[in-house]
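[1] what shape does this take:
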Amino acid sequence: MFSGNPEEIRSVFRRLHKSESLPDFADLNRILDAVNETLSNENPLIRPRDSSKAPGGLLLLNPNITTVLVPDLHARTGYITSLIDLEISGKPVLERLA
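    Residues are numbered from 1 along each chain as shown. Alright, predicted model coming up:
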């Protein structure tokens, strides 16, 4: 579902935000699979492993990189669509994540 193309990602989030119904089951599964894949493969130098060797709850942030702390979203699709377009130093957050 997510190729890493910022416009494709932006389009998916906007479509989900404008929808008046729950996402299609297959779409939701693809989104969740992408999230789980990302979280399970985080760099242990940034997110050290816990005692069971899974990514832990601690993040070691680089002080030389701008950090954006995002609260739990819990179906606030408007929040994420606004966040990805938020500009920091003249560049949208979504492009900074690439």
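[2] with just CA atoms, put the worst-scoring helix or strand of the chain on mean pLDDT into CSV.
    For the chain, counting by mean pLDDT, DSSP states H and E, helix 6-18 ranks last in confidence among helices and strands (a mean of 84). Taking C-alpha atoms only, helix 6-18 is exported to CSV below (Å, rounded to 0.1, in the frame of the first residue of the first chain):
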residue,chain,number,x,y,z
PRO,A,6,4.9,11.1,-0.3
GLU,A,7,2.1,11.9,-2.7
GLU,A,8,0.7,8.4,-2.5
ILE,A,9,0.9,8.4,1.3
ARG,A,10,-0.7,11.8,1.5
SER,A,11,-3.5,10.6,-0.9
VAL,A,12,-4.2,7.5,1.3
PHE,A,13,-4.5,9.6,4.5
ARG,A,14,-6.7,12.2,2.8
ARG,A,15,-9.0,9.5,1.4
LEU,A,16,-9.3,7.9,4.9
HIS,A,17,-10.0,11.3,6.5
LYS,A,18,-12.8,12.1,4.0
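[3] off-centre distance for the helix or strand just after it?
    Per DSSP states H and E, the first helix or strand lying C-terminal to helix 6-18 is helix 25-40. Centroid separation between helix 25-40 and its chain, computed with C-alpha atoms, centre = their mean, to the nearest Å, is 11 Å.
[4] just the mean pLDDT for stretch 32-52, thanks.
    Averaging pLDDT along stretch 32-52 yields 91.
[5] tell me the contacts of the nearest residue to Ser40 once chain neighbours are set aside?
    The shortest distance from Ser40 to any non-neighbouring residue, by C-beta to C-beta, 6 or more residues apart in numbering, is to Pro55 (6.6 Å). Quick note: C-beta positions are derived from backbone N, CA and C, even for glycine. With C-beta atoms under 8 Å, 6 or more residues apart in numbering as the criterion, the residues that contact Pro55 are Leu39, Ser40, Glu42, Pro44, Arg47, Arg49.
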